[in-house]
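Enquirer: What shape does this take:
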Amino acid sequence: MSEYQTAISCHNLSKRFDEGGLHVEVFTNLSLRVAKGERVAIIGASGSGKSTLLHLLGGLDKPSSGEVFIGEQDVNALSEQARCRLRNQQLGFIYQFHHLLPEFTVVENACMPLLIQGVDVRDARTRAEQLLIKVGLETRLKHKLNELSGGERQRVAIVRALVAKPACLLADEPTGNLDNKTAAQVFELMLELHQECQTSMVIVTHDNALAAKMQTTYELRDGQLSLVRSEVA
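Expert: Prediction:
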């Protein structure tokens, strides 16, 4: 892992919410760098701003000040259309609640990012099916979401996030809605696919056991990001 190969980073990031005369400073002058292939966990109490930080890193929200880079691209210098295109091409997202589309089948949900990129339908389905089979959903390809368990739906969400081999995977409490056994299984699948795709990972979690499986852990507290542990040289 080269010191100079950065997948995603932010510099002097600040986020403030102004509502009804109230001014809430979530964090100020926060910086973070994630190397290509690195697995990073961000822990912290509820309300500390973990999800807000993830949304800013993913270009889903704009900071009050500071910069976010995906590779060498300044996300907030882009038009909305260009930012959407960059997200689709370079990022994968996994949420606690999967946000899949119930009107589509498992394989249709999984190949959606490739179709948005303009990949041929047959090629997109083939790639999605390969990953779905890898995560044990070979008998579920044509099923609708209401026919799947919570763990199965989250596996579909993981495949959807990784099917286009993004530079970085952003996950917000990806196993928080699952029982302990299913959560462990789902997370092991995430790690396997991460290694196969050589994708960086940034996971927001309150689960210290999950965070311990990452290479680097930061804690967000009182608007500051501090390094807890790192296995990265």
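
Enquirer: what helices or strands is the strand or helix carrying Glu108 leaning on?
Expert: Taking DSSP states H and E as the definition, one finds Glu108 inside helix 106-110. Packing contacts for helix 106-110, counted by 3 or more CB pairs under 8 Å, 6 or more residues apart in numbering; DSSP states H and E, involve helix 121-134, helix 150-162. C-beta: built from backbone N, CA, C; applies to glycine.

Enquirer: could you give the angle of the longest one to helix 150-162?
Expert: If I follow you right, that is helix 121-134. On the basis of axes from the mean of the first three to the mean of the last three CA atoms, to 10 degrees, helix 121-134 is oriented at 130 degrees to helix 150-162.

Enquirer: so Leu56 sits in a helix?
Expert: Yes. Under DSSP: H, G, I helix; E, B strand; the rest coil, Leu56 sits within a helix.

Enquirer: State the number of residues packed around Arg33.
Expert: For Arg33, the count of nearby residues is 14 (other CB atoms under 10 Å).

Enquirer: Quick check: nearest residue in space to it, chain neighbours excluded?
Expert: Spatially, and ignoring its direct neighbours in sequence, Arg33 is nearest to Ser9 (4.3 Å; CB to CB, 6 or more residues apart in numbering).

Enquirer: picking up where we left off before, name the residues of the helix holding Glu108 that are buried.
Expert: Across helix 106-110, burial judged by 16 or more other CB atoms under 10 Å covers Val106, Val107, Glu108, Asn109, Ala110.

Enquirer: Same check on stretch 126-142?
Expert: For stretch 126-142, burial by neighbour count (16+ other CB under 10 Å) applies to Arg127, Ala128, Glu129, Leu131, Leu132, Val135, Leu137, Arg140, Leu141.

Enquirer: same deal with stretch 148-165?
Expert: By 16+ other CB under 10 Å, the buried positions in stretch 148-165 come out as 148, 151-165.

Enquirer: Over to stretch 59-78?
Expert: Residues Gly59, Leu60, Pro63, Gly66, Val68, Phe69, Ile70, Val75, Leu78 are the ones in stretch 59-78 that count as buried (16+ other CB under 10 Å).

Enquirer: Pick the one among the residues you listed closest to Arg39.
Expert: Using CB to CB, Ile70 comes nearest to Arg39 of these, at 17.3 Å.

Enquirer: What separation is there between the residue positioned nearest the centre of the chain and Ile70?
Expert: Central residue of the chain (CA atoms, centre = their mean): Leu170, 1.5 Å from the mean position. Separation of Leu170 from Ile70 (CB to CB, to the nearest Å): 11 Å.

Enquirer: between those two, what contacts are shared?
Expert: The contact sets of Leu170 and Ile70 overlap at Leu91 (CB atoms under 8 Å, 6 or more residues apart in numbering).

Enquirer: re the thing from before, now what about whichever helix or strand the residue nearest to Arg33 is part of, what contacts it?
Expert: Ser9 belongs to strand 6-19 when assigned by DSSP H and E. For strand 6-19, the external contacting residues (CB under 8 Å, 6+ apart) are 23-38, 49, 52-53, 56-57, 61, 63-72, 91, 167-168, 200, 202.
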